[in-house]
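In: When you get a sec, could you give me coordinates for this:
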Amino acid sequence: MPRPVIAIAGLACETSTFTPSRTDAPAFHPQRGPDAVSIYRFLDAGTPLAEAADWRGGLIGRALPGGRITRAAYEELAVEMVALLKDIVAEGIDGLWFDIHGAMVVEGLDDAEADLLRRVRAVIGPSVIVSASMDLHGNVSRDLVHMLDLVTCYRMAPHEDELDTKERACRNLVDVLTSGGRGRPLKAWIPLPILLPGEQTSTRDEPAKSIYAAVPVVESLPGVLDAAVWVGYAWADEPRNRAAVVVTGWDEEAVAAGAERLARLFWAARSEFHFVAPTGTLDECLDVAFKAPPPQKPFFVSDSGDNPTAGGSGDVTWGLTELLKRREILSQNAGTVIYASIPGPEAVRTAVAAGVGATVTVTAGAAVDNLHAGPITLMGDVFSVKHGDKHARIEVVLRVLGSVYVILTELRKPYHYERDFTDLGLHPRQADVVLVKIGYLEPQLYDMAADWMLALTPGGVDQDLKRLGHKRIRRPMFPFDTDFNEKPANLSARLIPLSTEPLTGPDE
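Out: Numbering: from 1, shown residues only. Just a heads-up that it's a prediction; the model follows:
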């Protein structure tokens, strides 16, 4: 029996609609053909999946989370993706792996992933089996589920199982294509009127820990192939933004019952979700951080409202401005403080030209998002310079007010790994306080933090959802609404047939 031919395609960008920044086509770093296959280690030559199918790369693009994708950028990438898939289809195709995030927002479009899949389906046809892998912070609309055969998502936040999830999506696809006679799986979909930030739904903590622990239990039931729970994406304002459950398999009763079991768990726990760390205003967090004794150092503070890996623009200066006003900083009694980071291309160029050891005065930040504070002017010594970063391109560390080390970047960059700091000559484990634009701490930062607080700061991914001003999400929606007596949540499973046409009627 010949191996099935499987194409790979997808675009991913977690997109905030509450930041003025925009995302263009080069930000997706598109990979094509063989390059779009080689980026996945589980498809390396000799691996079981590589041997099980003939994998053909279409177009894969993944952008750093940010603001809306420009319509021109989306059209450019979507048109090329369709053209590449046409060439693969001409030679014969059995399946498609659709590698997406699920929270991509395009100017002038609602539900961008469904629009993209509709274009793809127009090329590959209704007979090709499509399996999608998604972030659990993505959104799963009825339109998207209708056009998919299989769909799964991460089961961990932070996303330590990202590659495992993608591999599972491919393995499920191969299993269906080679199962012989079982036919297309059934899909049970349940949308949930809950919209919470990821920092309240980390699988490190309850109740998300128990909810996601139930996912493989449902998946193990006879007649079930896969089970998935989405938290949804809280920082975009579209009707599809909400939590969801999808279970796939061949036994209708088991698939529906499994989906309803997970939905009931999630709904029953809605009031139990809490932030993953102690929270407060930035000043409240810094009060604790600066007073913390040595065993609690380094003390990490999340400047969460402008987190670039949740969709923030990355150039909000409010947090740094407030930090530098602190009396501990002005009196130079704060110890070693690291701040990551502020984009400022002109500031970086000035510092590079001056060289390490030079004293410079530069202005950075608020070129994109000046809704909360204007550009910040810094005078300090150039501590280090690094060229060639994938995201930042050039990084500069400026030492200001004695022992405050501010990272400036040509382009915005997330700081998630210890090497992000040590490559710049900084040693966060030996610092007193580290402020980083992030929500929940990624694993390496979490492990090195002796203590930690989440500052509820302003920005395009503000953790205080109610002050963002959502207008288009479906209501009622928890926690925006808490009284569901008049309109109880519908936790019944909807069995979704395959359809490649736009659907009519309410998306419920």
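In: Tell me which stretches of the protein form helices.
Out: For the chain, helices defined by DSSP state H occupy the ranges 35-38, 48-52, 71-91, 112-124, 142-147, 162-178, 208-219, 252-268, 282-291, 318-325, 327-330, 345-354, 418-422, 443-448.
In: which of the ones you listed sits most buried?
Out: Burial of the helices of the chain is given as mean neighbour count (mean count of other C-beta atoms under 10 Å); helix 142-147 ranks first at a mean of 23. Heads up, the C-betas are built off the backbone N, CA and C, glycines and all.
In: out of the helices of the chain, which comes closest to Arg472?
Out: helix 112-124 (14.6 Å; C-beta to C-beta).
In: what packs against the closest one?
Out: strand 5-12, helix 71-91, strand 95-99, strand 129-134, helix 142-147 (3 or more C-beta pairs under 8 Å, 6 or more residues apart in numbering; DSSP states H and E).
In: okay if I get these as TSV plus mean pLDDT and distance to Val406?
Out: Shown next, in TSV, are those (pLDDT from 0 to 100; distance: least, C-beta to C-beta, whole Å):
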stretch	mean pLDDT	distance to Val406
strand 5-12	98	30
helix 71-91	98	31
strand 95-99	98	36
strand 129-134	98	36
helix 142-147	96	42
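In: how about the ones you listed, which one is nearest Tyr212?
Out: That would be strand 129-134 among these, by C-beta to C-beta, at 14.4 Å.
In: re the thing from before, with distance to Leu43 as extra columns, can I get the helices and strands packed on helix 112-124 in JSON lines?
Out: Below are the helices and strands packed on helix 112-124 laid out as JSON lines (distance: least, C-beta to C-beta, whole Å):
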{"stretch": "strand 5-12", "distance to Leu43": "8"}
{"stretch": "helix 71-91", "distance to Leu43": "16"}
{"stretch": "strand 95-99", "distance to Leu43": "10"}
{"stretch": "strand 129-134", "distance to Leu43": "13"}
{"stretch": "helix 142-147", "distance to Leu43": "24"}
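In: Tell me which of the ones you listed sits nearest to Ser403.
Out: Evaluated over those, closeness to Ser403 peaks at strand 5-12, with 39.1 Å, by C-beta to C-beta.
In: Can you list the strands that that closest one pairs with?
Out: strand 54-62 (parallel), strand 95-99 (parallel) (DSSP bridges).
In: mind putting these in CSV, distance to Met147 included?
Out: CSV is the format used below for the strands paired with strand 5-12 (distance: least, C-beta to C-beta, whole Å):
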stretch, distance to Met147
strand 54-62, 16
strand 95-99, 9
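In: wait, Arg62 sits on Glu14?
Out: No: applying C-beta atoms under 8 Å as the test, Arg62 and Glu14 come out as separate, 10.0 Å apart.
In: so what's in contact with those two at the same time?
Out: When contacts are counted by C-beta atoms under 8 Å, 6 or more residues apart in numbering, Arg62 and Glu14 are jointly contacted by His101.
In: Could you check which of those two is surrounded by more residues?
Out: Glu14 (24 against 17; other C-beta atoms under 10 Å).
In: Go ahead and confirm the more buried one touches Gly312.
Out: No: using C-beta under 8 Å, Glu14 makes no contact with Gly312, being 10.3 Å away.
In: List the contacts of stretch 55-64.
Out: 5-13, 23, 27-37, 39, 43, 49, 69, 77, 80-81, 84-85, 88, 93, 99, 101, 308-309, 391, 412, 414.
In: try 6 Å
Out: 6-13, 23, 27-28, 30-34, 36-37, 43, 77, 80-81, 84-85, 88 (C-beta atoms under 6 Å, 6 or more residues apart in numbering).
In: so what are the domain limits for this structure?
Out: With automatic domain parsing as the criterion, the domains of the chain are listed as 5-274, 279-460.
In: start to end distance for the shortest one?
Out: The reference is to domain 279-460. Criterion C-alpha to C-alpha, to the nearest Å; first-to-last residue distance in domain 279-460 is 18 Å.
In: got any ranges where this protein has weak pLDDT?
Out: 1, 181, 500-507 (pLDDT under 70).
In: Apply 90 and report the result again.
Out: The chain contains residues with pLDDT under 90 at 1-2, 179-183, 294, 485-488, 497-508.
In: re the thing from before, deepest in the core, which of the strands paired with strand 5-12 is it.
Out: strand 95-99 (a mean of 26).
In: How far does that strand sit from its chain's centre?
Out: 19 Å (C-alpha atoms, centre = their mean, to the nearest Å).
In: ditto for stretch 256-263
Out: For stretch 256-263, the distance to the chain centre is 25 Å (C-alpha atoms, centre = their mean).
In: What of stretch 92-104?
Out: 17 Å.
In: Kindly report the same for stretch 127-145.
Out: 15 Å.
In: what residues does it touch?
Out: So stretch 127-145 is contacted by 93, 95-103, 111, 113-114, 148-154, 165-166, 169, 172-173, 176-177, 187, 189, 198, 230-233, 240-241, 244, 496, 503, 507 (C-beta under 6 Å, 6+ apart).
In: what distance separates the start and the end of it?
Out: Using C-alpha to C-alpha, the two ends of stretch 127-145 sit 16 Å apart.
In: tell me which residues of that stretch are tucked away?
Out: Within stretch 127-145, the residues that count as buried by 16 or more other C-beta atoms under 10 Å are 128-145.
In: before we move on, what about stretch 241-253?
Out: Quick answer for stretch 241-253 (16+ other C-beta under 10 Å): Asn241, Arg242, Ala243, Ala244, Val245, Val246, Val247, Thr248, Gly249, Trp250, Asp251.
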